[in-house]
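Asker: structural data only, the sequence is not supplied:
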């Protein structure tokens, strides 16, 4: 970790999301093509190749007995604590609920929107040595609140053909319709194309490695996706009064993510030097800035996934933030609070995409159907303008469809 006076354009470009290497794109394309043409057979082949376990099509779907058995491997505290977290996440997303609406116009006309939820989504949850249990409720709860009817989950099995029991318990408590023992790009392909065992979905949600992310990019358009996630990042704004232990703890926490990056923006040269001395191996940068205004301007250019304003009075700084996935205000709001407990989903834009994208919201699970209703008198009033525009565009049939009425 090094101290710098400013982050130049080459650095800012280096943390932006980019296409993965050509060999990754080509490998993913082959896997997706194979799944599209061969369905379950292809998925089982790749499960054996990548996850080192041989399954049948029937075994690919987690059984009710497996789900029931999972509860034996988790504590009562896990279940009760999870219910508290689910309440927090549910409460946050209920605030985002929207209703269909109509607005009356002249002569009995009206326009409006009908809000309808997606019918079916697929949630991807990484497995491995650190299964992302929190990603289950952070994706499923907003979908449930939005009214999605069917929710399916895919996660890679271990070498014994099992799914992490914590993931199964969360999925059970949230009434996920089915859980599939499938990981990687092949899971994305299964959700995108559909197979005999895995249903085709409307949208795919959830984080993953570069193969999963690239697979989501390649199927986008055939199905919707949440976002293209890169390595996780945090930007911390601190001054001379910020407890150094808080800064160090939060930067070390970020380093637990594969490829995770931590950037400290501070007005204190003393804090900068001490942080570098104590955690030299954390992936990231320390930038000494002249003022908190300069810090927030730089944070807006970085557009981080997580932004911590780690000072005693964060509100004046927070008002100037325009680009961030989530903002954590004050000394007692670490990023981990958002990762696990507070309520807003931790599925957030990374790699500078917070300039244009938001964190997961109910909008990700709904469609807006526009409504238009005109009476004859209202249409007659609109005819002169429609005639003018249709003639400019050369759309004679469009004009005729109006003038006939």
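Answerer: Noted; the coordinates are in hand. Here the structure is a predicted model, which means the values were calculated and not measured. Numbering: from 1, shown residues only.

Asker: quick one: low-confidence parts of the stretch 151-300 of the chain?
Answerer: Applying pLDDT under 70 to the stretch 151-300 of the chain picks out no residues at all.

Asker: what about 90?
Answerer: 207-208, 228-231, 257-260 (pLDDT under 90).

Asker: likewise for the stretch 301-405 of the chain?
Answerer: In the stretch 301-405 of the chain (pLDDT under 90), no residue qualifies.

Asker: how about the helices in it?
Answerer: Shown for the stretch 301-405 of the chain, the helices assigned by DSSP state H, counting those that start in this stretch span residues 315-318, 335-340, 376-393, 396-403.

Asker: neighbours of residue 152, how many?
Answerer: 22 (other Cβ atoms under 10 Å). Using the backbone N, CA and C atoms, a C-beta is placed for each residue, glycine as well.

Asker: save the helices of the stretch 301-405 of the chain as CSV, and put in mean neighbour count and distance to residue 59 too.
Answerer: Below are the helices of the stretch 301-405 of the chain laid out as CSV (neighbours: other Cβ atoms under 10 Å; distance: least, Cβ to Cβ, whole Å):
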stretch, mean neighbour count, distance to residue 59
helix 315-318, 15, 50
helix 335-340, 18, 32
helix 376-393, 12, 58
helix 396-403, 12, 56
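
Asker: please convert the ones you listed to a markdown table, extending it with distance to residue 196.
Answerer: Formatted as a markdown table, those follow (distance: least, Cβ to Cβ, whole Å):
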| stretch | distance to residue 196 |
| --- | --- |
| helix 315-318 | 51 |
| helix 335-340 | 36 |
| helix 376-393 | 47 |
| helix 396-403 | 45 |
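
Asker: and the residue nearest to residue 120 when sequence neighbours are not counted, backbone torsions?
Answerer: Leaving aside its chain neighbours, residue 120 sits nearest to residue 150 (4.3 Å; criterion: Cβ to Cβ, 6 or more residues apart in numbering). For residue 150, the backbone dihedrals (degrees, to the nearest 10) come out as phi -120, psi 130.

Asker: next, the contact list for residue 150, please.
Answerer: With contacts defined as Cβ atoms under 8 Å, 6 or more residues apart in numbering, residue 150 is in contact with 119-121, 177, 199.

Asker: among these, which pair sits farthest apart?
Answerer: 119 and 177 (11.7 Å; Cβ to Cβ).

Asker: returning to that earlier point: which one of the helices of the stretch 301-405 of the chain lies nearest to residue 105?
Answerer: Closest among these, using Cβ to Cβ: helix 376-393, at 6.6 Å.

Asker: ok, and what's touching the closest one?
Answerer: Looking at what lies outside helix 376-393 - Cβ under 8 Å, 6+ apart - the contacts are 105-109, 374, 396, 398-399, 402-403, 405.

Asker: and if we set it to 6 Å?
Answerer: 106-107, 109, 398-399, 402, 405 (Cβ atoms under 6 Å, 6 or more residues apart in numbering).

Asker: start to end distance for stretch 84-102?
Answerer: End-to-end distance for stretch 84-102: 37 Å, by Cα to Cα, to the nearest Å.

Asker: run the chain-centre distance for that stretch.
Answerer: Its chain's C-alpha centre and that of stretch 84-102 lie 17 Å apart, by Cα atoms, centre = their mean, to the nearest Å.

Asker: what do you get for stretch 273-291?
Answerer: 29 Å.

Asker: same check on stretch 158-178?
Answerer: 20 Å.

Asker: list the buried residues of that stretch.
Answerer: 158, 161-174, 176, 178 (16 or more other Cβ atoms under 10 Å).

Asker: pull up the distance across it, start to finish.
Answerer: 18 Å.

Asker: what lies in contact with that stretch?
Answerer: 52-53, 55, 61-62, 67, 70-71, 73-74, 131, 133, 136-137, 140, 150-153, 155, 157, 179, 181.

Asker: and these, which of them are buried?
Answerer: For those, buried by 16+ other Cβ under 10 Å: 53, 55, 61-62, 67, 70, 74, 131, 133, 136-137, 140, 150-153, 155, 157, 179, 181.

Asker: which of these fall in helices?
Answerer: Those of the buried ones among the contacts of stretch 158-178 mapping onto helices are 67, 70, 133, 136-137, 140, per DSSP state H.

Asker: and which of the residues you listed is nearest residue 346?
Answerer: Checking those against residue 346 with Cβ to Cβ, the nearest one is residue 137 at 9.9 Å.
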